[in-house]
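Peer 1: No sequence on hand, only this structure:
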């Protein structure tokens, strides 16, 4: 009985640990900080989390396959700049350009990793540098900031609201629902898990491992570009300094949500919970006022370390 009870507790911690932590943090914050529960603050939390959630959704698929994508932060910034530049030619160009360019870079990542067996860390690190360099070339080393006209239809994509909640929140929610369905209800999703769980066995069973890797990296790059476009629409400009360290934030929330860094296990719901947990903690630190904003990174790092240690312990 003791062994069975311990097994049940282990499964709960593996699957629901981040959710329990989120509920506790929200409950305490709600009681301690009166402004935390205000509608305006909750809207801001959801909006800020939506951009990261879009990037982290792609990262979830990548990590489940046993890979890593360090390029998403630079692709996020590049997507924003391309969207702002393309807005002068209309809504479709502003939206399609970052998706196509960032998706193409993700496709190259996938091809190199799948066809040449190069390490994902090295390939995506090179893409990080390439995308950041391309961004600087487009903006004259950051000296030029492309603005989006206030009356542009593209601005509505970032600043439009439904019941007071911004469009990016609903876009992120729809994408996460679709991502969860794809991961759990399709053959492609099964291939993603099989690739990360035991790649050689998956190959022997006929799983298209190479195609699966190419697709997940393409999706990751495309979603990073979309997040950049949404951010540009919200800020009404292509800010060149965003995205630094965003890839680490995305990895952190995915792992905190229960996805194993070694691959083979993870959920989209867990990633969303990880985003919520990190954003709530950052919001609380801001409301304390006496703590420097750098403590947000400290807390995120501590959370990530604790989660990874717990994952290794529970797997044993």
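Peer 2: Yep, it's here. What you see is a predicted model, and the numbers here were worked out from it, not measured in a lab.
Peer 1: Surely residue 115 touches residue 209?
Peer 2: No. Contact criterion Cβ atoms under 8 Å: residue 115 and residue 209 do not qualify, at 11.2 Å. All C-beta atoms are positioned from the backbone trio N, CA, C, and that covers glycine.
Peer 1: and these two? which has more neighbours close in?
Peer 2: Each of residue 115 and residue 209 has its neighbours counted (other Cβ atoms under 10 Å); residue 209 has more, 19 against 11.
Peer 1: so what's that one up against?
Peer 2: 114, 191, 194-195, 199, 202-203 (Cβ atoms under 8 Å, 6 or more residues apart in numbering).
Peer 1: residue ranges with poor pLDDT in the stretch 201-316 of the chain?
Peer 2: Per-residue confidence of the stretch 201-316 of the chain (counting by pLDDT under 70) places the weak regions at 289-296, 300, 303-304, 307-308, 310-316.
Peer 1: Helices of that one, start to end?
Peer 2: Using DSSP state H, counting those that start in this stretch, the helices of the stretch 201-316 of the chain run over 209-235, 246-256, 268-288, 295-315.
Peer 1: Compare those and report which one is nearest to residue 28.
Peer 2: Nearest of these to residue 28, taken as Cβ to Cβ: helix 268-288 at 8.6 Å.
Peer 1: For the closest one, buried residues please.
Peer 2: Of all the residues in helix 268-288, those buried under the rule 16 or more other Cβ atoms under 10 Å are 268-285.
Peer 1: Repeat that for stretch 151-166.
Peer 2: Applying 16+ other Cβ under 10 Å to stretch 151-166 flags 152, 154-155, 157-158, 165-166 as buried.
Peer 1: now, which of the residues you listed lie within strands?
Peer 2: 165-166 (DSSP state E).
Peer 1: Next up, the contacts around the most centrally placed residue in the chain.
Peer 2: Using Cα atoms, centre = their mean, the residue of the chain that lies closest to the mean C-alpha position is residue 56, 1.6 Å off. Listed by Cβ under 8 Å, 6+ apart, the contact partners of residue 56 are 250, 253-254, 271, 274-275.
Peer 1: what about the closest residue to residue 152 other than its chain neighbours, how many neighbours?
Peer 2: Nearest residue to residue 152 in three dimensions, chain neighbours excluded: residue 87, at 5.4 Å (Cβ to Cβ, 6 or more residues apart in numbering). Counted with other Cβ under 10 Å, the neighbours of residue 87 add up to 27.
Peer 1: these two touch, right, residue 87 and residue 156?
Peer 2: No. In this structure, residue 87 is not within contact of residue 156 by Cβ under 8 Å, at 11.5 Å.
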